[in-house]
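Asker: Sequence plus the predicted model coming up.
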Amino acid sequence: MAQSPTGRRQAGWADPLFRVGTGAVAVLVIAVVLGILAVLVNDSMLSVRKFGLSFWRTRVWDPVAGDFGALPFIWGTLYSSVLALLVAMPVALGIAIFLSELCPRWLRQPLAFLTELLAAIPSIVYGLWGIFVLAPAVRTLQVHTPDALRRTPFFSGPPLGVGMLAAALILAVMVIPFTATVAREILKAVPVSQREAAYALGATRWEAIRLAVHYGRIGILGAVMLGFGRALGETMAVTMVIGNNPQVALSLFAPQHTMAAVIANEFTEAADALYLNALVEIGLVLFLITVIINGLSRFLIWRMVRVRPTRVVAPVKVPLAA
Amino acid sequence: MPPDAFARRYRVRKLTSGLMTFLCALSVVVALIPLAFILFFVLRQGVPALNWAFFTEMPKPVGETGGGMANAIVGTGILIGLAALVAVPIGVTCGVYITEFKTSRLSPAVRFAADILNGVPSIVIGVFAYAIAVLPFKRFSALAGGVALGVMMIPIIVRTTEELLALVPSSLREGALALGATRARAVATVILPAALPGIVTGVLVALARVAGETAPLLFTAFNNRFFSTSLDQPIGSLTVQIFTYAISPYEDWHRQAWAGATVLIAAVLLFSLLARAVTRRLERMHHG
């Protein structure tokens, strides 16, 4: 019981009330997450019951006939995100390594700020830039693609500009800051003694860095998955450059579609209940995938940062003149 | 190993090291190129398109050039105001709970929920807001848009509050408790005020971020080409208006879309820089 200096008893109910009151609001955040799940499940029942699992194996998307298959959308989402990750991962890792291991101290903060600025640019601005600058540039690239390449399934199709390649590139740029920032935190958490040990054994700078990266590989995997989760859910920028054509194609030049994009485009047009339910079911699966990816990513990052021994925060400087 | 073979091998290792170091530096440049490109194009197209009419006039009918986005700018203002009303009380209280009751079983669960919520795609938040705030009233409304943006803001506010409360020196808290203050009183009169400037900036940054959101508004606030301030009616927003104009076939609308993008970017940049300055000052204040 809190005693005031005069010895009078303070109101004993204040602390428990404070705890319960703030706790109730905190529980609200959990309730919102569960609420989203409940709403998505509830509003997709018609489609889940009617199509079952075949919903995710069918390519037909015909709202007029009432035939719904979501394969093209999940394909487009996964394909674009994986491509984006292939581009973004090395760059993000390079940034993280440069900022945490190589960069001169005075340059570190400004550069970190600039890379994080990429995450602050609104999605719609990326999309606007994508439509008017990136897509025409991609079309020029497509027109100049050698015929031998264009006969392969990866580069077939007419040069439209909009399509998988433009979407993947824009996604890559958008994802880089997320992965880079977390990967940098992870590298910071790698004990300095690891690098010192490597140097002591005669390692070059890169060999020492590789060791640090290897030490933090689990957390870095978490950082990459965080970026993946972002790419999966990205809506506006993608829908503006991917061409919004539901098809399952390998071609980087083909206009395709994604789960988030189809919801954004067709939700207000969905006149009948089944159509709406089909769209919400796509939303439900998108929600579940991102929750799993983010949960896993958070777990990996947390595991890495948690095991950090506290002492390495202030490394012991070895006096050179000893 | 003979000495010259050893030396050769060492040269290769040194070379690899130099090359990889260079590639790492290069990747920073690679990432900054699109940033520069985007900023350059937005400013080049957007700044000439910006004029007084953009901020004060209403959209003109198709075919007529000129006009502005006054309704959409006011709309965005109203929407983020509503979002703040939803998110700030919940987010700050939640952040206080997490920092004050670290040992509580609930705290990690709440933090986890906030992280999950932070990762939920904005379009899915839109579907959620549609179900709870549009369907029951059978109409798109500013209120529904505010709910959608508010839900997106909650995890950002929780995290900002948590980080800034952690910056408050524990001596302040201990001092308050030693004087016999209850926890609630210590938080309300000592700890929160100490962190307040930071939290306010955090809220401003979160506002700038959600002001740039489009997807959750498409089927909650919808869009409105007319001036509206009523909360139960569809309302225009800068982002949805940019989207509509960008995918339209009209040259003059494209011009206005770029102008809108310039305004958005300027707001985001301004708030990000402001936040950086304030956070740095706070860190220096508390930790010398």
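Answerer: Perfect, thanks for sending it. Quantities reported herein were computed from a predicted structural model and do not represent experimental measurements.
Asker: Please count neighbours and contacts with C-alpha atoms only from this point.
Answerer: Fine.
Asker: mean confidence score for the strand or helix carrying A:Val125?
Answerer: Using DSSP states H and E, A:Val125 maps to helix A:123-129. The average of the pLDDT scores along helix A:123-129 is 95.
Asker: next structured bit after that helix?
Answerer: Past helix A:123-129, the next helix or strand by DSSP H and E is helix A:135-143.
Asker: check which helix or strand covers the closest residue to chain B within the stretch 51-200 of chain A.
Answerer: Chain B sits closest to A:Gly94 of the stretch 51-200 of chain A, with a gap of 4.2 Å, by CA to the nearest CA. Element membership of A:Gly94 [criterion: DSSP H and E] is helix A:71-97.
Asker: what comes up buried for the very next helix or strand once past that helix?
Answerer: Counting by DSSP H and E, the next helix or strand C-terminal to helix A:71-97 is helix A:105-120. By 16 or more other CA atoms under 10 Å in any protein chain shown, the buried positions in helix A:105-120 come out as A:111-112, A:114-120.
Asker: quick one: contacts of helix A:105-120?
Answerer: Residues from elsewhere that reach helix A:105-120, judged by CA atoms under 8 Å, 6 or more residues apart in numbering or on different chains: A:99, A:173-175, A:177-178, A:181, B:28, B:31-32, B:35, B:209, B:268-269.
Asker: low pLDDT regions in chain B?
Answerer: Applying pLDDT under 70 to chain B flags residues B:1, B:286-288.
Asker: So it: which segments form each domain?
Answerer: B:3-49, B:55-287 (automatic domain parsing).
Asker: Any part of the first one near chain A?
Answerer: It stands for domain B:3-49. Yes. Contact of domain B:3-49 with chain A (CA under 8 Å from any CA of the partner chain) involves B:13-14, B:16-18, B:20-21, B:23-28, B:30-32, B:34-35, B:38, B:41-42.
Asker: Surely A:Tyr275 touches A:Gly66?
Answerer: Yes. Using CA atoms under 8 Å, A:Tyr275 makes contact with A:Gly66 at a distance of 7.1 Å.
Asker: Those two: which has the busier surroundings?
Answerer: Each of A:Tyr275 and A:Gly66 has its neighbours counted (other CA atoms under 10 Å in any protein chain shown); A:Tyr275 has more, 23 against 12.
Asker: So which residues of chain A form helices?
Answerer: Secondary structure of chain A by DSSP state H: the helices cover A:14-42, A:45-51, A:71-97, A:105-120, A:123-129, A:135-143, A:147-150, A:164-189, A:192-200, A:205-215, A:217-233, A:236-241, A:259-266, A:273-306.
Asker: Centroid-nearest residue for the chain?
Answerer: I went with chain A, as the question did not name one. A:Arg230 (2.1 Å; CA atoms, centre = their mean).
Asker: Correction: the question concerned chain B.
Answerer: Closest to where the C-alpha atoms of chain B average out (CA atoms, centre = their mean) is B:Arg209, at 2.0 Å.
Asker: circling back to that earlier point, just the residues contacting the helix holding A:Val125, thanks.
Answerer: With contact meaning CA under 8 Å, 6+ apart, helix A:123-129 is reached by A:170, A:234-241, B:38, B:41-42, B:212-214, B:239, B:242-243, B:246, B:257-258, B:261.
Asker: Repeat that for stretch A:20-36.
Answerer: B:90, B:93-94, B:96-97, B:106, B:109-110, B:113-114, B:116-117, B:125, B:128, B:154.
Asker: Next, the contact list for residue 72, please.
Answerer: Looking at chain A here, since you left the chain open. Neighbours of A:Pro72 in contact, by CA under 8 Å, 6+ apart: A:59, A:246-248, A:256-258.
Asker: That was the other one, I meant chain B.
Answerer: So B:Ala72 contacts B:227, B:235-238, B:241 (CA under 8 Å, 6+ apart).
Asker: For it, give me phi and psi.
Answerer: phi -70, psi -40 (degrees, to the nearest 10).
Asker: Just give the nearest non-adjacent residue to it, would you?
Answerer: For B:Ala72, ignoring the flanking residues on the chain, the nearest one in space by CA to CA, 6 or more residues apart in numbering or on different chains is B:Ser237 at 4.1 Å.
Asker: Now the one you found: phi and psi?
Answerer: Dihedral pair for B:Ser237: phi -140, psi 150, per degrees, to the nearest 10.
Asker: cool, A:Leu160 as well?
Answerer: phi -100, psi -20.
Asker: Just give me the neighbour total for residue 190.
Answerer: Reading this off chain A. Using other CA under 10 Å, A:Val190 has 23 other residues around it.
Asker: wait, I meant chain B there
Answerer: So B:Val190, with other CA under 10 Å, has 17 neighbours.
Asker: dump the residue contacts of it.
Answerer: B:172-173, B:176.
Asker: any idea how far B:Leu282 lies from A:Ala261?
Answerer: 41 Å (CA to CA, to the nearest Å).
Asker: now swap in B:Ile156 and tell me
Answerer: In terms of CA to CA, B:Ile156 sits 24 Å off from A:Ala261.
Asker: Close to chain A: what parts of the stretch 101-250 of chain B are there?
Answerer: The stretch 101-250 of chain B comes close to chain A at residues B:101, B:106, B:109-110, B:113-114, B:116-117, B:119-125, B:127-128, B:131, B:154, B:179-184, B:209, B:212-215, B:218-219, B:239, B:242-243, B:246-247, as judged by CA under 8 Å from any CA.
Asker: So which of those are in helices?
Answerer: Secondary structure from DSSP H places B:106, B:109-110, B:113-114, B:116-117, B:119, B:122-125, B:127-128, B:154, B:183-184, B:209, B:239, B:242-243, B:246 of these in helices.
Asker: Grab the nearest non-local neighbour of residue 76.
Answerer: As the question left the chain open, I've gone with chain A. Of all residues beyond its chain neighbours, the one nearest A:Gly76 is A:Thr258 (4.8 Å), with distances taken as CA to CA, 6+ apart.
Asker: my bad, chain B
Answerer: Closest to B:Thr76 by CA to CA, 6+ apart is B:Ser237, at 4.7 Å.
Asker: Contact partners for that neighbour?
Answerer: B:71-76, B:79, B:223.
Asker: Do I have it right that A:Val48 meets A:Glu281?
Answerer: Yes. Using CA under 8 Å, A:Val48 makes contact with A:Glu281 at a distance of 7.2 Å.
Asker: So between those two, which is more surrounded?
Answerer: Comparing A:Val48 with A:Glu281 by other CA under 10 Å, the one with more neighbours is A:Glu281, at 24 against 18.
Asker: I'd say that one and A:Ser44 touch.
Answerer: Yes. Counting by CA under 8 Å, A:Glu281 does reach A:Ser44; the two are 4.8 Å apart.
Asker: thinking again about what came up before, quick one: the buried residues of helix A:105-120 as a markdown table, columns for pLDDT too.
Answerer: Output for those, formatted as a markdown table (pLDDT from 0 to 100):
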| residue | pLDDT |
| --- | --- |
| A:Leu111 | 92 |
| A:Ala112 | 90 |
| A:Leu114 | 91 |
| A:Thr115 | 90 |
| A:Glu116 | 86 |
| A:Leu117 | 89 |
| A:Leu118 | 91 |
| A:Ala119 | 89 |
| A:Ala120 | 89 |
